[in-house]
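Visitor: Sequence unavailable; structure follows:
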């Protein structure tokens, strides 16, 4: 199925995984005057401002910035090459942002950022979250040492190397005739409905996860599950695997606390604006648009 790359994905970063193998990768980055540094404090990135003082775009630092010079090597990660510049993530827990500077979180800014920068921040955010939660060995509790230019962690006691993990989640547009099954969570804005989603469990295929999640959340049976596309979703560390499926037409009934309502909607109802759709940068919205385009 042909479709444009989703937000947070696409060939925007040349990762060059082989460059992570060099023991002096950081020295090479520092010696390259064209290297650009992405400063993140927690999961927020250093941003430039627009005329109204709102975050506008990533503000990259160069190697002469004191915060880059002072950053310890174990808090830096080689992201790859972005816009033909070597790009290094610099993590800081300190208040290194000056009063006239600003930090921005990816999720509220995503739709307003250039697609390439949104993809870079999704990549950096995912790594930052993983590194922050894997500073100690999951087997023995010993403090770990970053390896592979920050893309792996090694336990000096177990001599065990761990790599970034993602949480696979299915998201599915269930259809029956001219209708689509949509649900809403209690925390969403009024009138917003979206496709059904949930995490894949151990020992479960993606297709089985689709069937289970839809049945658990709405009581609707599904068949003919067909893969559509995927989207990285670093909030905090998911990969959304999108599907289209045929439903049995049963009357939806919410069965747990995930959803407060689930209903079948016709294309006419959706096109008329009877409900508020998910933001355009989400895979959920793209699944709905794909369904609308079918009829």
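Guide: Thanks, I have the structure now. Everything quoted here is computed from the prediction, not taken from an experiment. Numbers count the residues shown, from 1 in each chain.
Visitor: where exactly do the helices run in the stretch 151-295 of the chain?
Guide: 206-218, 267-271, 283-293 (DSSP state H, counting those that start in this stretch).
Visitor: Which single strand of the protein contains the most residues?
Guide: Assignment by DSSP state E gives strand 222-233 as the longest strand of the chain.
Visitor: Can you classify residue 95 by secondary structure?
Guide: Secondary structure, DSSP: H, G, I helix; E, B strand; the rest coil: residue 95 is coil.
Visitor: what number of residues lie near it?
Guide: As a burial measure, residue 95 scores 7 neighbours (other C-beta atoms under 10 Å). All C-beta spots, glycine's among them, are computed from the backbone N, C-alpha and C.
Visitor: The one 3 residues further on now?
Guide: By other C-beta under 10 Å, 9 other residues sit near residue 98.
Visitor: ok, now how distant is residue 264 from residue 179?
Guide: Note on residue 264: its distance to residue 179, by C-beta to C-beta, to the nearest Å, is 4 Å.
Visitor: Neighbour count for those two, which is higher?
Guide: residue 264 (21 against 18).
Visitor: Surely that one is in contact with residue 252?
Guide: Yes. Between residue 264 and residue 252 a contact is recorded at 6.9 Å, counting by C-beta atoms under 8 Å.
Visitor: tell me, what's touching those two both at once?
Guide: Contact criterion C-beta atoms under 8 Å, 6 or more residues apart in numbering; residues shared by residue 264 and residue 252: residue 181.
Visitor: if we can go back for a sec, can you tell which of the helices of the stretch 151-295 of the chain is closest to residue 28?
Guide: Among these, the nearest to residue 28 by C-beta to C-beta is helix 283-293 (36.8 Å).
Visitor: Would you mark the buried spots in the closest one?
Guide: Going by neighbour count (16 or more other C-beta atoms under 10 Å), the buried part of helix 283-293 is 283, 284, 285, 286, 287, 288, 290, 291.
Visitor: Then stretch 57-68?
Guide: 58, 59, 60, 61, 63, 65, 67, 68.
Visitor: Let's test this: what are the backbone torsions at the nearest residue in space to the third one that is not next to it in sequence?
Guide: Leaving aside its sequence neighbours, residue 60 sits nearest to residue 36 (C-beta to C-beta, 6 or more residues apart in numbering; 4.1 Å). Dihedral angles of residue 36 (phi, psi; degrees, to the nearest 10) stand at phi -110, psi 140.
Visitor: Could you tell me how many residues sit around residue 36?
Guide: Residue 36 has 20 nearby residues by other C-beta under 10 Å.
Visitor: bridging residues for it?
Guide: Applying DSSP bridges to residue 36 gives these bridge partners: residue 87.
Visitor: who's in contact with the residue lying closest to residue 275 once chain neighbours are set aside?
Guide: Counting by C-beta to C-beta, 6+ apart, residue 193 is the residue found nearest to residue 275 once chain neighbours are left out, at 4.6 Å. Counting by C-beta under 8 Å, 6+ apart, residue 193 touches 182, 183, 184, 261, 263, 265, 275, 276, 277.
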